[in-house]
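Visitor: only geometry, no sequence info:
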């Protein structure tokens, strides 16, 4: 295990570097300044240089353009980071014979599957936002790069590092008497620490000898900003690229997640100046009431049974992962 981690200052990237160091793996974490995905010329030179100097066994791309709403007004930048840079990473990795791990998102689906039914890796994709379309384009371009690659789709990522829903709720619960949180979107909040540990556990077993359900990737040219909307999500390039889902177990809504995390935080740190003292102060609202620029999937629950089956991964619940993060953050 000797990975280069791109996006080392992000939630998953930071967790990957921390877990590698705790398990005595040699890791090279590259932040946005050291390997800028929005500058393809600099990215090519920097990544090639680091490969020659560090000689990694894997490249893990944890970098992405994740500002979902801002992407609606910055589609070119989002596409460059989430799609074109991912293709470049795949091409460089393929040229050096290095496998790649890349993270994608539930936003490649339209979220209209009935609540209670999780999305399988090979379900039809139909992204409805610039963010979702650019992440889908990144999947396709990575598969077409010739790299040996694993793509992990995840959702609702949180941690004690960086900006995320959990940390925002903790701050607001000490600043406001009432909160309004969306209650009609369903997903599995997933900790960056879980994603990092699961990734390293999977890398120890990958590549598997025979992919259990390979499919063919279409060889048509990928458009610059409009990837194919309605196609099978599970595709491979000569059996060298695979897509899996990787989230915590269980499901909830943003509203229920907020209620649970604030209640747990109050239990862990009753001495803090909480203004939210009861769930009744957290008002449920609809997605329409939230009125965000970008479309949000109603159902973001991802079926992870293939990940569990192929790699023996055991998934803890979102509640257990939440408690671990809160304990570490507030202790």
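Guide: Nice, thanks for sending it over. Predicted model, so just to flag it, every value in this text is computed and none were measured. Numbering: from 1, shown residues only.

Visitor: thought residue 284 was touching residue 185?
Guide: No. In this structure, residue 284 is not within contact of residue 185 by CB atoms under 8 Å, at 11.1 Å. The C-beta positions use only the backbone N, C-alpha and C, and glycine is treated the same way.

Visitor: shared neighbours, the two?
Guide: Residues touching both residue 284 and residue 185 (CB atoms under 8 Å, 6 or more residues apart in numbering): residue 253.

Visitor: more neighbours, those two?
Guide: Ranked by neighbour count (other CB atoms under 10 Å), residue 284 and residue 185 place residue 185 first, with 20 against 17.

Visitor: would you mind measuring from the closest residue to residue 263 other than its chain neighbours to residue 179?
Guide: Excluding its sequence neighbours, the residue lying closest to residue 263 (CB to CB, 6 or more residues apart in numbering) is residue 279, at 7.2 Å. Distance, residue 279 to residue 179, using CB to CB, to the nearest Å: 10 Å.

Visitor: of these two, give the one with the bigger neighbour count.
Guide: Here residue 279 and residue 179 are set side by side on neighbour count (other CB under 10 Å), and the busier one is residue 179, at 20 against 15.

Visitor: what's near enough to touch that one?
Guide: Applying CB under 8 Å, 6+ apart to residue 179 gives the contacts 169, 172-173, 258, 276, 281-283.

Visitor: after the worst-scoring helix or strand of the chain on mean pLDDT comes which helix or strand?
Guide: Here the helix or strand of the chain ranked lowest by mean pLDDT, DSSP states H and E is strand 231-232, holding a mean of 38. As assigned by DSSP states H and E, the chain's next helix or strand after strand 231-232 is strand 241-245.

Visitor: now that following strand: mean pLDDT?
Guide: Averaged over strand 241-245, pLDDT sits at 92.

Visitor: and that strand, what does it pack onto?
Guide: Applying 3 or more CB pairs under 8 Å, 6 or more residues apart in numbering; DSSP states H and E, one finds that strand 241-245 contacts helix 130-144, strand 149-154, helix 305-311.

Visitor: what about the second one, distance to the chain center?
Guide: What it means is strand 149-154. Chain-centre distance of strand 149-154: 8 Å, with CA atoms, centre = their mean, to the nearest Å.

Visitor: got the angle between that strand and strand 241-245?
Guide: Relative orientation of strand 149-154 versus strand 241-245 (axes from the mean of the first three to the mean of the last three CA atoms, to 10 degrees): 20 degrees.

Visitor: report the buried residues of strand 149-154.
Guide: 149-154 (16 or more other CB atoms under 10 Å).

Visitor: helices and strands around that strand, which ones?
Guide: On a contact count with 3+ CB pairs under 8 Å, 6+ apart, strand 149-154 meets strand 100-105, helix 130-144, helix 192-203, strand 241-245.

Visitor: need the winner for burial among those.
Guide: Highest mean neighbour count of the helices and strands packed on strand 149-154: helix 130-144, a mean of 27 (counted as mean count of other CB atoms under 10 Å).

Visitor: just the angle for that one relative to strand 100-105, thanks.
Guide: Using the same axes, to 10 degrees, the inter-axis angle of helix 130-144 relative to strand 100-105 is 150 degrees.

Visitor: other SSEs contacting helix 130-144?
Guide: Counting contacts by 3+ CB pairs under 8 Å, 6+ apart, helix 130-144 packs against helix 75-79, helix 85-96, strand 100-105, strand 149-154, strand 241-245.

Visitor: out of the contacts of residue 179, who's nearest residue 189?
Guide: residue 258 (10.2 Å; CB to CB).

Visitor: quick one: what helix or strand has the closest one in it?
Guide: Here residue 258 sits within helix 254-268, counting by DSSP H and E.

Visitor: distance from the helix or strand just after that helix to the middle of the chain?
Guide: Following the chain from helix 254-268 toward its C-terminal end, the next helix or strand by DSSP H and E is strand 282-285. When distances are taken as CA atoms, centre = their mean, strand 282-285 is centred 26 Å away from the chain's centroid.
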